[in-house]
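S.K.: fold the following.
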Amino acid sequence: MFSFTLMVVVFILGYTAIALEHPLQIDKAASALLLGILVWAIYLLDVSNILSLGFSEAWAHFSNSSFMAEYVKMHPHATLLERMRYFVVDNQVVEHLGDISEILFFLLGAMTIVETVDQHQGFKLITDKITTTSKVKLLWILSILTFFMSAVLDNLTTTIVIVTLLNKLVEDKKTRWFFASMVVIAANAGGAFSPIGDVTTIMLWIGGQVTAANIISMVFVPSVFNLLFPLLIVSLYMKGNVQKPKVDTNETSVFTTPFERRLMLFMGIGALVFVPVFKTITHLPPYMGMLFGLSIIWITTELIHKNKSKEDRRKLSVMGVLKKVDIPTIFFFLGILSAVAALQSAGHLALASHWLDKNIHNIYGINAAIGLLSSIVDNVPLTAGAMGMYPILSHAVVVASSQHAYLQHFVQDGAFWELLAYAAGTGGSILIIGSAAGVAAMALEKIDFIWYMKKISWLALIGYFGGIFIYWLQDLILFHV
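M.R.: Numbering: from 1, shown residues only. Have a look, this model is predicted:
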């Protein structure tokens with residue numbers, strides 16, 4: 001029991017180091033990688049005692065499977081400890097590595113595509129169309145633009161693009177803080193309903209908990225109201241115009257032509273939008289669709305820049321862009337997802353699932369708690385944890401159970417998974433450190449944590465619970481009336 005508890009203690013300490021990244025001056029990717037390795041190491045070093053506790057349902061199933069029978073046939077003198085190590089190293093680790101790799105390659109492909117479009121100044125074609133100086137009108141334009149861009153791209157990239165735009169539209173720092181904070185709410189809301197808009201929905205989509213069409217149709221309206229409620233409140237008291245900063249005459253476009261910007265913008269968005277179509281047609285994992293789109297863009301950039309100077313080709317090709325991709329973010333996801341996988345493998349998440357079922361036993365209560373928690377800690381491990389705690393149930397299992405009404409929420413495209421996508425995706429807006437979009441805005445604009453709590457958190461809370469209420473109302477109208 002000591003090692004089983006120690007895994008949780010190490011996870012909490014590792015997570016604390018991630019949260020205190022700036023005071024400690026240690027990159028969160030380094031802490032996450034160390035955490036992921038340590039938790040697995042503790043598990044394997046005391047695997048016999050941990051598995052003997054009986055919390056790992058996978059071990060009980062695997063020990064009687066044909067795989068174990070084949071292993072025993074090949075190693076007739078293997079001890080129980082050796083069998084357990086084989087189970088963990090050759091099955092659990094490999095299985096989780098496959099699942100994690102799908103997410104990492106998907107993110108790497110998406111980040112490279114977006115960075116390539118940005119390097120060609122493709123997003124400038126969108127941002128240059130905004131000319132208004134009215135605070136309310138500008139807020140609505142930016143929020144709606146962010147909402148839909150986040151659904152097509154992702155909330156992190158969209159936040160970076162829009163917050164960068166704000167520096168050209170708003171001069172006053174506090175006004176810019178407010179706009180950037182509302183952009184965070186809009187980006188998280190837009191990413192929540194899209195299978196490619198947020199890491200949490202990507203994870204649920206790749207994991208098979210939801211399908212692309214269903215998550216869009218069922219979570220879109222709650223996500224709209226998550227943004228709409230704060231926008232309507234702010235519109236009641238926000239007055240005046242923004243003052244634009246002076247234009248920097250030295251800021252020129254020297255590398256790309258208008259044709260190249262348009263081409264990369266349309267190809268980039270097209271590649272991202274094509275991913276769910278590719279999965280539907282081929283039934284291959286989404287990361288393959290993303291890498292397919294990247295390969296087309298890569299070939300295109302090589303062809304259209306072949307006559308340019310060596311320096312320009314280096315900057316505009318995907319080879320050059322790859323150097324700017326945020327690789328530490330990939331390592332962070334690898335570390336944190338590995339740590340969560342270890343807790344799932346050892347049985348911690350199954351234990352937590354049973355506790356939540358026993359004490360809450362309501363999908364709205366469980367998901368509301370997960371969403372609130374995601375404002376304090378990263379929503380990636382929370383979503384990964386929920387995916388590990390609750391398996392995807394088949395309709396046959398649900399029908400055969402005495403808890404049919406409750407368990408039907410856990411089938412593919414069930415209400416639990418839809419609400420999890422919403423809650424984990426939008427709950428992070430409540431605090432600025434609760435989402436990747438918030439952290440990006442905080443870093444770009446140096447937004448004060450306490451200022452955000454005073455000015456924005458209450459608006460985000462209203463939008464968060466308002467969206468949950470809208471989802472409940474929608475579910476009631478569609479399925480219970």
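
S.K.: pLDDT (mean, whole number) over the host helix or strand of P222?
M.R.: Using DSSP states H and E, P222 sits in helix 212-237. Averaging pLDDT along helix 212-237 gives 94.

S.K.: E102 contacts G289, correct?
M.R.: No. When contacts are counted by C-beta atoms under 8 Å, E102 is not listed as touching G289 (11.4 Å). To be clear about C-beta, it is placed using only N, CA and C from the backbone, and glycine gets the same treatment.

S.K.: neighbour count winner among the two?
M.R.: A direct count of neighbours by other C-beta atoms under 10 Å for E102 and G289 places G289 higher, at 24 against 18.

S.K.: residues of the helix holding P222 that come out buried?
M.R.: Neighbour counts over helix 212-237 (16 or more other C-beta atoms under 10 Å) mark 212, 214-216, 218-231, 234 as buried.

S.K.: just stretch 53-62 next, same as before
M.R.: Here stretch 53-62 shows 55-56, 58-59, 62 as buried, counting by 16+ other C-beta under 10 Å.

S.K.: likewise for stretch 276-293?
M.R.: Using 16+ other C-beta under 10 Å as the test for burial, stretch 276-293 gives 276, 278-279, 285-293.

S.K.: can you tell me which of those residues is nearest I202?
M.R.: I202 lies nearest to P286 out of the buried residues of stretch 276-293, by C-beta to C-beta, at 7.6 Å.

S.K.: contacting residues for the closest one?
M.R.: By C-beta atoms under 8 Å, 6 or more residues apart in numbering, the contact set of P286 is 102, 106, 195-196, 202, 205-206, 275-276, 278-279.

S.K.: and with 10 Å instead?
M.R.: 102-103, 105-106, 109-110, 195-196, 202, 205-206, 212, 275-276, 278-279 (C-beta atoms under 10 Å, 6 or more residues apart in numbering).

S.K.: which residues in the stretch 101-250 of the chain form helices?
M.R.: For the stretch 101-250 of the chain, helices defined by DSSP state H, counting those that start in this stretch occupy the ranges 124-127, 135-152, 155-169, 173-192, 199-207, 212-237.

S.K.: looking at those, which one has the lowest mean pLDDT?
M.R.: Between these, the lowest average pLDDT goes to helix 124-127, which shows a mean of 75.

S.K.: ok, now which ones touch the residue most central in space within the chain?
M.R.: In the chain, the centroid-proximal residue (C-alpha atoms, centre = their mean) is V199; its distance is 1.7 Å. By C-beta under 10 Å, 6+ apart, V199 lies in contact with 103, 106-107, 154-156, 191, 329, 333, 337, 378-380, 383-384, 424-425, 435-436.

S.K.: and the buried residues of stretch 276-293, which two are the farthest apart?
M.R.: P276 and L291 (14.6 Å).

S.K.: from E260, how far out is K324?
M.R.: Separation of K324 from E260 (C-beta to C-beta, to the nearest Å) stands at 18 Å.

S.K.: okay, those two: which has more neighbours?
M.R.: More neighbours surround E260 than the other of K324 and E260, with 18 against 14 (other C-beta under 10 Å).

S.K.: assumed that one was part of a helix.
M.R.: Yes. Note on E260: a helix contains this position according to DSSP: H, G, I helix; E, B strand; the rest coil.

S.K.: that one against T301, yeah?
M.R.: Yes. E260 is in contact with T301 according to C-beta atoms under 10 Å; the separation is 9.0 Å.

S.K.: now do the shared contacts for these two.
M.R.: Here E260 and T301 share the contacting residues 120, 316, scored by C-beta under 10 Å, 6+ apart.

S.K.: for stretch 134-144, list every residue counted as buried.
M.R.: 135-136, 138-143.

S.K.: not counting its own residues, what contacts it?
M.R.: When contacts are defined by C-beta under 10 Å, 6+ apart, stretch 134-144 is touched by residues 127, 129-132, 162-163, 165-166, 169-170, 175, 178-180, 182-183, 185-187, 189-190, 224, 227-228, 230-231, 234-242.

S.K.: could you flag which of these are buried?
M.R.: Neighbour-count burial (16+ other C-beta under 10 Å) applied to these gives 127, 162-163, 165-166, 169-170, 175, 178-180, 182-183, 185-187, 189-190, 224, 227-228, 230-231, 234, 242.

S.K.: was I right about K455 contacting K174?
M.R.: Yes. Between K455 and K174 there is a contact under C-beta under 10 Å: 9.0 Å.

S.K.: the two: which has the busier surroundings?
M.R.: Ranked by neighbour count (other C-beta under 10 Å), K455 and K174 place K455 first, with 15 against 12.

S.K.: quick one: contacts for the more buried one?
M.R.: Contacts of K455 by C-beta under 10 Å, 6+ apart are 174, 177-178, 181, 447-448.

S.K.: now swap in R262 and tell me
M.R.: Residues in contact with R262, defined by C-beta under 10 Å, 6+ apart, are 120, 122, 125, 256.

S.K.: which of those count as buried?
M.R.: By 16+ other C-beta under 10 Å, the contacts of R262 give 120, 122, 256 as buried.
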